[in-house]
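K.L.:
would you be able to build a 3D model of this:
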Amino acid sequence: MLEVHPVESKEEQKNICAMCGIEYNADLLCYAAYVDEILVGASQFKLDKECGKVFDISNTVGIEDENALFVMGRATLNFIDLCGVHLAEYVGKICNESLLKQIGYRKNDSGAWTVNLLGFFEAPCQHGGNK
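P.N.:
Coordinates of the predicted model:
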């Protein structure tokens, strides 16, 4: 079963990031995705009053589970939205544009990958696909 959890300690975050081949940043928040209690991915992000910035959405090294990344990406956006921040931007390395689009990001006129979260989770299925 797929589960996404917030990472509660910086030591755990550091270990998870190493397993996912992403650069650990103690200033960022982290979610981890597990399938049957096996780590399959992590996301790192931060938020301020204006915008949530997502730095990483990555599988564990040696694992390819796009469904887990999608769910974790949506969970990250949901947390940002629940904190009262209604704009998110993906600022990390772009490895899979299709996945970013499925999660809900769109490239804006300046080339940034953003998503407006106002009402986003009221009808989340409307925000998928490769539009």
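
K.L.:
pull out the buried residues from the top helix by length along the chain.
P.N.:
Longest helix in the chain, counting residues (DSSP state H): helix 66-82. Neighbour-count burial for helix 66-82 flags 68-77, 79-81 (criterion: 16 or more other CB atoms under 10 Å). The C-beta positions use only the backbone N, C-alpha and C, and glycine is treated the same way.

K.L.:
next, give phi and psi for the most far-flung residue of the chain relative to its centre.
P.N.:
In the chain, residue 109 marks the outermost C-alpha relative to the chain mean, sitting 21.9 Å out by CA atoms, centre = their mean. Backbone torsions of residue 109, given as degrees, to the nearest 10, read phi -60, psi -30.

K.L.:
how far away is it from residue 97?
P.N.:
17 Å (CB to CB, to the nearest Å).

K.L.:
poorly predicted segments of this structure, please.
P.N.:
Residue ranges of the chain with pLDDT under 70: 124-131.

K.L.:
now the strands for it?
P.N.:
Along the chain, counting by DSSP state E, strands occupy 2-6, 29-35, 38-47, 52-59, 87-90, 106-107, 113-116.

K.L.:
surely residue 72 is in contact with residue 39?
P.N.:
No - assessed by CB atoms under 8 Å, residue 72 is found out of contact with residue 39, at 11.2 Å.

K.L.:
which neighbours do these two share?
P.N.:
32, 33 (CB atoms under 8 Å, 6 or more residues apart in numbering).

K.L.:
tell me the contacts of residue 39?
P.N.:
Per CB under 8 Å, 6+ apart, neighbours of residue 39: 16, 19, 20, 32, 33, 60.
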